[in-house]
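from the sequence below, what's the structure:
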Amino acid sequence: MPTAILIDGGFFLRRYRHLRGHATPSEVAKELHRMCLEHLKQADGRRQLYRIFYYDCPPLTKKVHNPVSHQAIDFAKSDLAIWRTEFHEALKSQRKVALRMGVINEASGHWALKPTKLKELLRGSLQLTDLTAADVTYEAHQKGVDMRIGLDIASMTFKKQVDQIILVSGDSDFVPAAKLARREGVDFILDPMWAQIRADLNEHVDGIKCVFPKSPSPSLGDPSAGE
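Next up, the predicted model:
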């Protein structure tokens, strides 16, 4: 039976920036795909790929006003939104990649003071009149991403579509889904991309395997290799 690879998109991009820095959407999409192909190379031979599932949300597109500068901001035209949209399109062109998209809860979006500035205000070393536009950030939370990951793990497990699941994440919220899959005989592997994880997550998976190189030089393999 084949292997399914599930990727927590927000986690992957944070770890990618930590390990690699910045790159074009096309470069990141290709490296993600090569990483997944590398996971198929196992001690008992090359496994068959069922599908690569990438979980994320569309970028924020809301128009707001900065509460300090009162400047109008259109998030749809931000560099982050443009990069993220191009990245999602690049992923769609990769072999056997399926995007599973949640939503951004724009209704609950709000401005928040950066923690360092909040501490300075509370200490009295900074006054409200000293704040600049860069001292606040707009926060809007994802909805439906974790739920989709958990549902897909359960669905593929009970339908016996795969006998191995590789999850690229570092979130212990997935422990119940991992335990369910293991109880049903699925080999559940975690790839935290070299990040430290909580002990409860380590306890409830069948193994930890990181294949993404810590430096840019090693190749992860031929991106055109067949599945």
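
longest strand in this structure, please.
Determined from DSSP state E, the single longest strand within the chain is strand 49-56.

let me see the mean pLDDT of that one.
The average pLDDT within strand 49-56 is 98.

partner strands of it, with direction?
strand 3-8 (parallel), strand 97-101 (parallel) (DSSP bridges).

from the chain's centroid, how far away is the longest one?
The gap between where strand 3-8 is centred and where its chain is centred comes out at 11 Å by Cα atoms, centre = their mean, to the nearest Å.

and the residue lying closest to residue 207 once chain neighbours are set aside, bridged to which residues?
Counting by Cβ to Cβ, 6 or more residues apart in numbering, residue 207 lies nearest to residue 189, which is 5.0 Å off, once chain neighbours are set aside. Placement of C-beta: from N, CA and C, glycine included. When bridges are called by DSSP bridges, residue 189 pairs up with residue 166, residue 207.

repeat that for residue 139.
Note on residue 139: beta-bridge partners residue 110, judged by DSSP bridges.

isn't it up against residue 106?
No: taking contacts as Cβ atoms under 8 Å, residue 139 lies outside contact range of residue 106: 11.1 Å.

re the thing from before, look up how far residue 101 lies from the residue nearest to residue 207.
Residue 189 sits 24 Å away from residue 101, going by Cβ to Cβ, to the nearest Å.

and residue 92, by the same measure?
Relative to residue 101, and taking Cβ to Cβ, residue 92 is found at 11 Å.

more neighbours: which of those two?
Ranked by neighbour count (other Cβ atoms under 10 Å), residue 92 and residue 101 place residue 101 first, with 15 against 12.

on the pLDDT front, check the more buried one for me.
What the model reports for residue 101 is a pLDDT of 96.

could you list the low-pLDDT ranges of the protein?
Counting by pLDDT under 70, the ranges of the chain that qualify are 216-227.

all helices of it, in order?
For the chain, applying DSSP state H gives helices covering 9-20, 25-39, 79-92, 115-123, 145-158, 175-183, 199-203.

with respect to residue 57, which of those lies nearest?
Closest approach to residue 57 among those is made by helix 145-158 (6.3 Å; Cβ to Cβ).

need the residues that contact that closest one.
The contact list for helix 145-158 (Cβ atoms under 8 Å, 6 or more residues apart in numbering) reads 4, 6, 8-10, 50, 53, 55-57, 100, 102, 161-162, 165, 167, 169, 171, 173-174, 176-178, 180-181, 184, 186.

just the CA coordinates for it, please, in PDB.
C-alpha atoms of helix 145-158 as PDB (Å, rounded to 0.1, in the frame of the first residue of the first chain):
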ATOM      1  CA  VAL A 145      -6.600  23.800   8.600                       C
ATOM      2  CA  ASP A 146      -6.000  21.500  11.600                       C
ATOM      3  CA  MET A 147      -9.500  20.100  11.200                       C
ATOM      4  CA  ARG A 148      -8.800  19.100   7.600                       C
ATOM      5  CA  ILE A 149      -5.500  17.400   8.600                       C
ATOM      6  CA  GLY A 150      -7.200  15.400  11.300                       C
ATOM      7  CA  LEU A 151     -10.100  14.400   9.100                       C
ATOM      8  CA  ASP A 152      -7.900  13.300   6.200                       C
ATOM      9  CA  ILE A 153      -5.800  11.200   8.600                       C
ATOM     10  CA  ALA A 154      -8.900   9.500   9.900                       C
ATOM     11  CA  SER A 155     -10.500   9.100   6.400                       C
ATOM     12  CA  MET A 156      -7.400   7.600   4.800                       C
ATOM     13  CA  THR A 157      -7.000   5.300   7.800                       C
ATOM     14  CA  PHE A 158     -10.500   3.900   7.900                       C
END
